[in-house]
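# Give me a 3D structure for the following:
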Amino acid sequence: MSTETPESPLQPTLGERAIDTATDVSRTITEVSDGLRAAADRLSEAIATSRRPGGALATVSAVTREAPLASLFVAFLLGVAVARRR
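Predicted structure coming up:
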């Protein structure tokens, strides 16, 4: 008498299920990393565009160089205003 149980060909083994799960996780990680890479590229492009003369970051940089203490005070007030809203 044999103690081995016959495996049904319709049900995957534990090893096959683990490989399938690992493959699915790998695909998901790849998709997420591609999405993050695309978002980082868009953000980098937006920052580069904003730093060009006349852009918002170029203006903020110029004002900060001209009046650093006033800029620090304004940043502090904005931080307080945002913190109080939450």
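# Give the next helix or strand downstream of the biggest helix by length in the chain.
Longest helix of the chain, by residue count under DSSP state H: helix 14-51. Counting by DSSP states H and E, the next helix or strand C-terminal to helix 14-51 is helix 56-66.
# Quick one: mean pLDDT for the next helix or strand after that following helix?
Downstream of helix 56-66, the first helix or strand assigned by DSSP H and E is helix 68-85. Mean pLDDT, computed over helix 68-85, is 94.
# repeat for stretch 44-59
Rounded mean pLDDT across stretch 44-59 is 92.
# to the chain's geometric centre, what's the distance from that stretch?
From the chain centre to the centre of stretch 44-59 is a distance of 21 Å (C-alpha atoms, centre = their mean, to the nearest Å).
# Nearest residue to the middle of the chain?
Geometric centre of the chain, nearest residue: residue 36, 4.9 Å, by C-alpha atoms, centre = their mean.
# where's residue 85 relative to residue 78, distance?
With distances taken as C-beta to C-beta, to the nearest Å, residue 85 is found 11 Å from residue 78. Any C-beta I mention is one placed from the backbone N, CA and C, and that applies to glycine too.
# Can you pick out the residue with more neighbours from those two?
Neighbour comparison, residue 85 and residue 78: the larger count goes to residue 78, with 10 against 6 (by other C-beta atoms under 10 Å).
# What is the neighbour count of residue 12?
There are 13 residues near residue 12, going by other C-beta under 10 Å.
# Could I get the contacting residues of residue 47?
Residue 47 makes contact with residue 57 under the criterion C-beta atoms under 8 Å, 6 or more residues apart in numbering.
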